[in-house]
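J.: got a predicted model here, sequence first, then my questions.
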Amino acid sequence: MDQAGPGAGAFPKLVGVAPLLMNDGRAVLTVTLGPDHLNSDGVTHGGVVYTLADTAMSAALLTRLDPGERCVTLEIKVNYLAPVVTGTLTCDARLLDRTRRIAVLEARVSDGTGRLIAVGTGSFYVSTSKGASAAPSEPPPG
């Protein structure tokens, strides 16, 4: 499995996202924090937590896509609950619901002690890859 999961791209790798589990609409990913993950106040940058949640939700959805389908993020809402400075963050993401073109997922980010750091929800657009044998993809709404 790719460091950040299949299809994750280079950015999650740059942040240090690594998969622990990916199956049946669920993904558990981690990132081990270092000095480069901190903001100017010395706590983990919100973008690190966001990237972990976005990547985990996408990975969870990937486990439920049919051959020739792909997904992209439409929107994500993250509630940051507690600061963290060191250790490992773990994100447990689960598919909540999916229609033909839209999927809704939830992500829960915790620190190494199990303390909840952030909760996020996201919606993802599901399309068909170009050249696939399924019906052509539709443009996203809006």
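T.: It's in.

J.: CA atoms for contacts and neighbours, from now on please.
T.: Noted.

J.: quick one, helices of this structure?
T.: In the chain, the helices defined using DSSP state H lie at 10-15, 46-62.

J.: do you know which of those helices lies nearest Leu29?
T.: Closest of the helices of the chain to Leu29 is helix 46-62, at 5.9 Å (criterion: Cα to Cα).

J.: which strands or helices does that closest one pack on?
T.: Using 3 or more Cα pairs under 8 Å, 6 or more residues apart in numbering; DSSP states H and E, the elements in contact with helix 46-62 are helix 10-15, strand 18-23, strand 26-32, strand 69-80, strand 88-98, strand 102-110, strand 116-128.

J.: one more pass at 6 Å, please.
T.: On a contact count with 3 or more Cα pairs under 6 Å, 6 or more residues apart in numbering; DSSP states H and E, helix 46-62 meets strand 26-32.

J.: sheet-wise, list the partners of the strand it packs on with their directions.
T.: According to DSSP bridges, strand 26-32 forms sheet pairs with strand 18-23 (antiparallel), strand 88-98 (antiparallel).

J.: if we can go back for a sec, now the helices of the chain in CSV, with mean pLDDT and mean neighbour count?
T.: Supplementary listing: those in CSV, determined by pLDDT from 0 to 100; neighbours: other Cα atoms under 10 Å:
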stretch, mean pLDDT, mean neighbour count
helix 10-15, 87, 14
helix 46-62, 97, 26
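
J.: any chance of these in TSV, plus distance to Gly112?
T.: Output for the helices of the chain, formatted as TSV (distance: least, Cα to Cα, whole Å):
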stretch	distance to Gly112
helix 10-15	18
helix 46-62	14
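
J.: what's near enough to touch Gly87?
T.: Residues counted as contacts of Gly87 (Cα atoms under 6 Å, 6 or more residues apart in numbering) are Thr32, Leu33.

J.: and it, what's its pLDDT?
T.: Listed pLDDT for Gly87 reads 97.

J.: do the same with Gly142
T.: In this model, Gly142 carries a pLDDT of 45.

J.: do Arg64 as well
T.: Note for Arg64: predicted pLDDT of 97.
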